[in-house]
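Could you work out the structure for the sequence below:
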Amino acid sequence: MLVALPFRTAKEAVALANNTCYGLAGSVWTENVSLAMEVALLIKAGAIWVSRIVIMVSSSGYYHQQYEVANRLLVI
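Sure, this is the predicted structure:
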């Protein structure tokens with residue numbers, strides 16, 4: 001599933017990305033690698049990829065349990 005929302009600033013994009021209780025995974029797409037890394041560190045998700053897609057298949061479903069791991073939000 002892809003969700004695409006318009007935004008004007010990186011700060012607004014991060015706020016949109018973090019406005020959910022399900023931060024499973026995501027990707028940041030940009031030509032500016034420095035900005036991508038800065039934004040990726042601010043997004044609360046289990047995994048963030050920069051300018052690439054990783055397809056993951058799981059038959060176990062997902063839960064809504066959150067654990068703080070190394071200053072990153074991990075959703076299992």
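
Please make it C-alpha for all contacts and neighbour counts, starting now.
OK.

any weak-confidence spans in the chain?
Residue ranges of the chain with pLDDT under 70: 53-76.

would you list every one of the strands in it?
For the chain, strands defined by DSSP state E occupy the ranges 25-28, 47-50, 66-69, 72-75.

buried ones in stretch 3-15?
Within stretch 3-15, the residues that count as buried by 16 or more other C-alpha atoms under 10 Å are 13-14.

so where do the helices sit in this protein?
With DSSP state H as the criterion, the chain has helices at 10-17, 33-42.

would you turn those helices into a markdown table with distance to residue 48?
Output for the helices of the chain, formatted as a markdown table (distance: least, C-alpha to C-alpha, whole Å):
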| stretch | distance to residue 48 |
| --- | --- |
| helix 10-17 | 11 |
| helix 33-42 | 6 |
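
Out of those helices, flag the one nearest residue 27.
helix 33-42 (7.9 Å; C-alpha to C-alpha).

For the closest one, name the packing helices and strands.
Here helix 33-42 touches helix 10-17, strand 25-28, strand 47-50, going by 3 or more C-alpha pairs under 8 Å, 6 or more residues apart in numbering; DSSP states H and E.

Would you reformat those as a markdown table and include distance to residue 3?
Shown next, in a markdown table, are the helices and strands packed on helix 33-42 (distance: least, C-alpha to C-alpha, whole Å):
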| stretch | distance to residue 3 |
| --- | --- |
| helix 10-17 | 10 |
| strand 25-28 | 10 |
| strand 47-50 | 15 |
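
Which one, of these, ends up nearest to residue 4?
Once those are compared by C-alpha to C-alpha, helix 10-17 is nearest, at 10.1 Å.

so what does that closest one touch, helix or strand wise?
helix 33-42.

contacting residues for the residue nearest to residue 40 when sequence neighbours are not counted?
Of all residues not flanking residue 40 in the chain, residue 48 sits nearest, at 6.2 Å (C-alpha to C-alpha, 6 or more residues apart in numbering). With contact set as C-alpha atoms under 8 Å, 6 or more residues apart in numbering, residue 48 has these partners: 25-28, 40.
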